[in-house]
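S.K.: Next one to model:
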Amino acid sequence: MRLGGTVVGSWSTPGEWEALLRASRFRAVTAPFDCHTPADDVRRFMDICLRNDAVVAEVGVWKNPFDPDPAEAKRAMDYARGQLALADEWGVPCCVNIVGTASAAGWDAADPDNFAPETYERIVGSIRAIIDAVQPRRAFYCIEPMPWMIPDSPDVYLQLIRDVDRRQFAAHMDFVNMINCPRRYLGAEAFIGECFEKLAPMIKSTHIKDIRLHPTRLTTILEECAPGQGALDFCAVLRVIDRWLPDDAPVLLEHMDTAEDYAAAYDFVAQRAAEVGIRI
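M.R.: Numbers count the residues shown, from 1 in each chain. The predicted structure follows:
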């Protein structure tokens, strides 16, 4: 697998970013550019990745197509189309977003309407509208699973793929985001295996992280954390990934603030991989 993540640190030019990439040891990265970046700079970043044996695994959207402000919702849809077109132009396989929410509490908020039937129809329509406007040939529009919105399980993801019914709609894998209850947490190895068994042929990018349960009295608090800081058996997790995904599949660490934190997580995953004979 190509282990990587987001290159962090202070940079203002592609050359400065390249130095951070080399220090990171990443062989897969999130895009350091977007659809507003000048084409010459995008080309420089892509050339940097090529000469450092790294791939741009994801172009992120991270905007809310259902923002209660119509102007913001339009900007989000326009940006999603722009990001998908960018990914397609440069051969980045995965353009990823969340489905969105009509909640006024935030772009990724938990809200009862997230699971309403009319919201589901709106989700299907918005994904179709993005893909149909761009007509990508190489890139796939993908949705990151979330604990409190669609898709929140592999079966729901499969149904969404069937209902969207577009060739360039595929899967983004974040198994920790779907470990949203004690049953899945306590049976994590089997659940992660189910996720990959059902979705593997459609997965274009994968996030890898850990999760821990905070001991409280009769309530459940599940918290995402860096690999090695939670309860997951990473030897087992890596065996699952290695079984179901191609050898060069991008697997990305995420949500860390410093290069040092990313390095520690990278080392932990690489050590577990070495223990079970998986090549990073």
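S.K.: for stretch 197-204, the distance to its chain's centre please.
M.R.: Centroid separation for stretch 197-204 versus its chain: 13 Å, with CA atoms, centre = their mean, to the nearest Å.
S.K.: dump the residue contacts of residue 170.
M.R.: Taking CB atoms under 8 Å, 6 or more residues apart in numbering, we find residue 170 in contact with 94, 140-142, 161, 202-204. All C-beta atoms are positioned from the backbone trio N, CA, C, and that covers glycine.
S.K.: mind redoing it with 10 Å?
M.R.: Residues near residue 170 by CB atoms under 10 Å, 6 or more residues apart in numbering: 93-96, 139-143, 161, 199, 201-205.
S.K.: which residues does it bridge with?
M.R.: Taking DSSP bridges as the rule, residue 170 bridges to residue 142.
S.K.: and it, how far is that from residue 181?
M.R.: Here the criterion is CB to CB, to the nearest Å. By it, residue 170 lies 26 Å from residue 181.
S.K.: before we move on, what about residue 277?
M.R.: Residue 277 is 33 Å from residue 181, by CB to CB.
S.K.: Only the buried subset of the contacts of residue 170, as a PyMOL command please.
M.R.: Filtering the contacts of residue 170 down to the buried ones (16 or more other CB atoms under 10 Å) takes a single PyMOL command:
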select buried, resi 93+94+95+96+139+140+141+142+143+161+199+202+203+204+205
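S.K.: For the closest residue to residue 82 other than its chain neighbours, give me the pLDDT.
M.R.: Leaving out its chain neighbours, the residue that sits closest to residue 82 by CB to CB, 6 or more residues apart in numbering is residue 35, at 3.5 Å. Residue 35 carries a pLDDT value of 98.
S.K.: just use 39 as the starting number from now, easier for me
M.R.: In the new count, where the first residue is 39, that last one comes out as residue 73.
S.K.: hang on, residue 73 packs against residue 130?
M.R.: No. Residue 73 is beyond contact range of residue 130, at 11.6 Å (criterion: CB atoms under 10 Å).
S.K.: Would you mind grabbing the residues shared as contacts by the two?
M.R.: Counting by CB under 10 Å, 6+ apart, the common neighbours of residue 73 and residue 130 are 97, 121-122, 124.
S.K.: quick one on the thing from earlier: same drill for residue 315 and residue 219, tell me which one is more crowded.
M.R.: Set residue 315 next to residue 219 and count neighbours by other CB atoms under 10 Å: residue 219 wins out with 12 against 9.
S.K.: CA atoms only: put the lengthiest helix in the chain into PDB for me.
M.R.: Ordering each helix of the chain by length in residues (DSSP state H) puts helix 108-128 first. Provided in PDB are the C-alpha atoms of helix 108-128 (Å, rounded to 0.1, in the frame of the first residue of the first chain):
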ATOM      1  CA  PRO A 108     -28.800  29.400  -0.800                       C
ATOM      2  CA  ALA A 109     -25.800  31.400  -1.900                       C
ATOM      3  CA  GLU A 110     -23.500  29.200   0.100                       C
ATOM      4  CA  ALA A 111     -25.100  26.100  -1.100                       C
ATOM      5  CA  LYS A 112     -24.600  27.200  -4.700                       C
ATOM      6  CA  ARG A 113     -21.000  28.000  -4.000                       C
ATOM      7  CA  ALA A 114     -20.500  24.500  -2.600                       C
ATOM      8  CA  MET A 115     -22.100  22.900  -5.600                       C
ATOM      9  CA  ASP A 116     -20.000  25.000  -8.000                       C
ATOM     10  CA  TYR A 117     -16.800  24.100  -6.000                       C
ATOM     11  CA  ALA A 118     -17.700  20.400  -6.000                       C
ATOM     12  CA  ARG A 119     -18.000  20.500  -9.800                       C
ATOM     13  CA  GLY A 120     -14.800  22.500 -10.100                       C
ATOM     14  CA  GLN A 121     -12.900  20.000  -7.900                       C
ATOM     15  CA  LEU A 122     -14.200  17.000  -9.800                       C
ATOM     16  CA  ALA A 123     -13.200  18.600 -13.100                       C
ATOM     17  CA  LEU A 124      -9.700  19.300 -11.700                       C
ATOM     18  CA  ALA A 125      -9.300  15.700 -10.500                       C
ATOM     19  CA  ASP A 126     -10.400  14.400 -13.900                       C
ATOM     20  CA  GLU A 127      -8.100  16.700 -15.800                       C
ATOM     21  CA  TRP A 128      -5.000  15.600 -13.800                       C
END
